[in-house]
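*Asks:* sequence and predicted structure are below.
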Amino acid sequence: MKKYSQVLPVLLLLLGVAGFIKRPPSTSAAEPAASKPNIVLIYVDDLGYGDLSCYGASQFKTPNIDRLAQRGLRFTNAHAVSSTCTPSRYALMTGEYPWRRKGTGIATGDATLIIPTHYTTLPSILQRAGYTTGVVGKWHLGLGPQTGADWNADVKPGPLEIGFNYSFLIPATGDRVPCVYVENHRVVHLDPTDPIQVSFKEKIGNEPTGRENPELLKMKPSHGHDMTIVNGISRIGYMTGGKQARWIDEDMADVITTKAKAFMETNRAQPFFLYFSTHDIHVPRVPHSRFAGKSGLGPRGDVILQLDYCVGEITRKLDELGLTNNTLILFSSDNGPVVDDGYHDQAVERLGSHKPAGTLRGGKYSAFEAGTRVPTLACWPGQIKPGVSEALVSQIDWAASLAALTGQKLEAQEVPDSRNMIDTWLGKSRQGRSYVVEHGGAMAIVQGNWKYISPSNGIKFEPNVRIELGNDPEPQLYNLTDKPQERTNRAQENPAKVKELAELLQAVREK
Ligand code: NG6
Ligand code: CA
């Protein structure tokens, strides 16, 4: 053994001299231009176009996120695939439009895995490229087989069956039971003598609910969210058991950020992909006491500050590990903003002059621009030139773009709606997509300055959340250069454009 260790350095030296020691990837003609930076995707929940100081918010500051914007590329016309969570995330993972597949609407807390396990996914492509892949945070894509997840045994299939090597999950959203973390296949801190049961159909067990025992609540629901009470907050759905495993909302941001940092530390020596999916700024908005009351806008503003802190923790960890220059950070949101999303949390009363959607019309759930146009940043020091990109881009393209970045060839059926736009994401090109499909209640398509929203009989205004949904039985055509935007319907004066965009949308839908 000793002899071997003496010989080894000499051998390595000789090999090195001979040029056999592995070099960083070069871009010479002989070698493909693929590179394998770490990829950290920070995916925020319900963050609106106007919710960050780098996108014009002036009532509070988001310095850590702003720093990503200053050091990277800030997109002004980047879109989530849908204006709600599950369909956007489905598209992000599969590179397939969610409206092509049934069952991809907002998932309940007991939904089974909605991504077929034989699909090629964004994480499985990166695994193919040699990455270790991890998801930490909100999942909301269902867990378990068609017969339903068993929360007291192995909770699978889930992320580990569709391309992740590690997972630490909030199974659905914070406002849905079961209110427990799932690490890889297991509920964390589960006591087998106190098994978990979940129902979204009827009350089970005899625990208090928001409807029956409002006096027990520290935050009352404004609509829905009146079932089992966990940590003083009533949720969507009923659960019993798992008392020891239940999360404390105030600690959630710290818990998942700690897990995310640990994942990066553990995998520092090889390329990793971290999908860090924050619970903030979704309801229930329950900041840690460090942030409570700090924004002046009530809990909604406070959890934006908390989110900003978490982003700072991630970037500080990358600095500490010496990985900053070798890491591509993508930052975006799954859909646009909502102020009252079901709890009396002072979001409406304390909003003041803050504009969660900036100047855009609509919000979460909407086919208007604020539904899907979201803050989006790409930061990779030394590789991405800082600046602003007005290119029309969509998260649907992340799968194929990251495949291209990491040198992975794709078959036609893999991530079928995703296109390689890596040069645009890295700022080498300002050329955007020729069109982007937006999926609110109604379907819409943007091409150049024009936006068409297909006729829809849905309600125009959702009073609970106070959002204009973009539905109209008549076709809508907007010139996006009009100010204010999406106010003047130009369909009647421009029937040719309506026809052209309606046909384009139809062609995409039928593809
Ligand atoms: C809605 C919930 C809302 C939120 C949303 C999903 C009610 C009344 N409203 O049904 O609070 O949970 O679903 O949000 O229950 S998302 O960002 O995950 O899509
Ligand atoms: Ca969301």
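*Replies:* Right, received. Where do you want to start? Ligands and ions are numbered 1, 2, ... in the order given.

*Asks:* just the helices in the stretch 351-500 of the chain please.
*Replies:* According to DSSP state H, counting those that start in this stretch, the stretch 351-500 of the chain carries its helices in the segments 398-405, 422-425, 495-510.

*Asks:* which secondary structure element of the protein has the lowest mean pLDDT?
*Replies:* Here the helix or strand of the chain ranked lowest by mean pLDDT, DSSP states H and E is helix 2-17, holding a mean of 41.

*Asks:* next SSE downstream of that one?
*Replies:* Secondary structure here is assigned by DSSP states H and E; on that basis, the next helix or strand after helix 2-17 toward the C-terminus is strand 38-44.

*Asks:* and the next helix or strand past that following strand?
*Replies:* Downstream of strand 38-44, the next assigned helix or strand under DSSP H and E is helix 63-71.

*Asks:* in that next one, which residues are buried?
*Replies:* Judged by neighbour count (16 or more other Cβ atoms under 10 Å), helix 63-71 contains these buried residues: 64-69, 71. Placement of C-beta: from N, CA and C, glycine included.

*Asks:* can you tell me which of those is closest to residue 344?
*Replies:* Closest to residue 344 out of the buried residues of helix 63-71 is residue 65 (27.6 Å), distances taken as Cβ to Cβ.

*Asks:* show me the contacts for the closest residue to ligand 2 within the chain.
*Replies:* Taking Cβ to the ion as the measure, the chain has residue 85 as its residue closest to ligand 2, at 3.4 Å. Residues counted as contacts of residue 85 (Cβ atoms under 8 Å, 6 or more residues apart in numbering) are 45-46, 106, 138, 140, 173, 282, 334-335.

*Asks:* next, count neighbours for the spatially closest residue to residue 72 that is not a sequence neighbour.
*Replies:* Setting aside the residues directly before and after it, residue 72 is nearest to residue 379 in space (Cβ to Cβ, 6 or more residues apart in numbering), at 2.9 Å. Under the neighbour criterion other Cβ atoms under 10 Å, residue 379 is assigned a count of 24.

*Asks:* distance check, residue 379 against residue 37.
*Replies:* For residue 379, the distance to residue 37 equals 11 Å [Cβ to Cβ, to the nearest Å].

*Asks:* partners of the nearest residue to residue 437 once chain neighbours are set aside in the sheet?
*Replies:* Closest residue to residue 437 in three dimensions, ignoring its sequence neighbours and counting by Cβ to Cβ, 6+ apart: residue 445, at 5.4 Å. The bridge-partner assignment for residue 445, based on DSSP bridges, gives residue 437, residue 452.

*Asks:* contacting residues for residue 445?
*Replies:* Contact criterion Cβ under 8 Å, 6+ apart gives 435-438, 451-452, 501, 504-505, 508 as the residues in contact with residue 445.

*Asks:* closest to residue 299 out of those residues?
*Replies:* Nearest to residue 299 among the contacts of residue 445 is residue 438, at 28.8 Å by Cβ to Cβ.

*Asks:* neighbours around residue 193, how many?
*Replies:* Per other Cβ under 10 Å, the neighbour tally for residue 193 reads 7.

*Asks:* who are the contact partners of residue 365?
*Replies:* Listed by Cβ under 8 Å, 6+ apart, the contact partners of residue 365 are 83-84, 335, 338, 371, 440-441, 462, 465, 467, 469.

*Asks:* kindly recompute the last result at 10 Å.
*Replies:* Contacts for residue 365 (Cβ atoms under 10 Å, 6 or more residues apart in numbering) come out as 82-84, 106, 335-336, 338, 341, 371, 440-441, 458, 462, 465, 467-470.

*Asks:* now swap in residue 473 and tell me
*Replies:* If a contact means Cβ under 10 Å, 6+ apart, then residue 473 has 455-458, 460 as its contacts.

*Asks:* which of those come close to ligand 2?
*Replies:* The subset of the contacts of residue 473 within reach of ligand 2, by Cβ under 5 Å from the ion, is empty.

*Asks:* just checking, residue 171 touches residue 183?
*Replies:* No: Residue 171 sits out of contact with residue 183 when judged by Cβ atoms under 10 Å, with a separation of 11.3 Å.

*Asks:* so for these two, which residue has more residues nearby?
*Replies:* Neighbour count, other Cβ under 10 Å: between residue 171 and residue 183, residue 171 has more, with 28 against 15.

*Asks:* ok, so what distance separates that one from residue 213?
*Replies:* Residue 171 sits 25 Å away from residue 213, going by Cβ to Cβ.

*Asks:* next: residue 51.
*Replies:* With distances defined as Cβ to Cβ, the gap from residue 51 to residue 213 amounts to 34 Å.

*Asks:* could you do residue 417 as well?
*Replies:* Distance of residue 417 to residue 213, computed by Cβ to Cβ: 46 Å.

*Asks:* higher neighbour count, these two?
*Replies:* The residue with more neighbours, out of residue 417 and residue 213, is residue 417; 20 against 13, by other Cβ under 10 Å.

*Asks:* number of nearby residues for the spatially closest residue to the more buried one that is not a sequence neighbour?
*Replies:* Taking Cβ to Cβ, 6+ apart as the measure, residue 417 lies nearest to residue 97, with 5.0 Å between them; neighbours along the chain are not counted. Residue 97 is flanked by 23 other residues according to other Cβ under 10 Å.

*Asks:* surely residue 97 is in contact with residue 436?
*Replies:* No: at 11.3 Å, residue 97 does not count as touching residue 436 under the criterion of Cβ under 10 Å.

*Asks:* roughly how far does the nearest residue to residue 222 once chain neighbours are set aside sit from residue 326?
*Replies:* Taking Cβ to Cβ, 6+ apart as the measure, residue 222 lies nearest to residue 344, with 5.0 Å between them; neighbours along the chain are not counted. The gap separating residue 344 from residue 326 is 46 Å, by Cβ to Cβ.

*Asks:* one more: residue 373?
*Replies:* Residue 373 sits 30 Å away from residue 326, taking Cβ to Cβ as the criterion.

*Asks:* these two: which has the busier surroundings?
*Replies:* Neighbours per residue (other Cβ under 10 Å) separate residue 373 from residue 326, with residue 373 holding more: 27 against 18.

*Asks:* in contact with that one, which residues?
*Replies:* Taking Cβ under 10 Å, 6+ apart as the definition of contact, the neighbours of residue 373 are 48-49, 75-80, 83, 333, 336, 357-358, 360, 362, 392, 436, 438, 446.

*Asks:* which other helices and strands contact the longest helix seen in the chain?
*Replies:* Assignment by DSSP state H gives helix 299-320 as the longest helix of the chain. Under the contact definition 3 or more Cβ pairs under 10 Å, 6 or more residues apart in numbering; DSSP states H and E, helix 299-320 sits against strand 38-44, helix 63-71, helix 252-266, strand 272-277, strand 327-333.

*Asks:* number of nearby residues for residue 325?
*Replies:* 12.

*Asks:* contacting residues around it?
*Replies:* Contact analysis of residue 325 by Cβ under 10 Å, 6+ apart lists 37, 318-319, 380-383.
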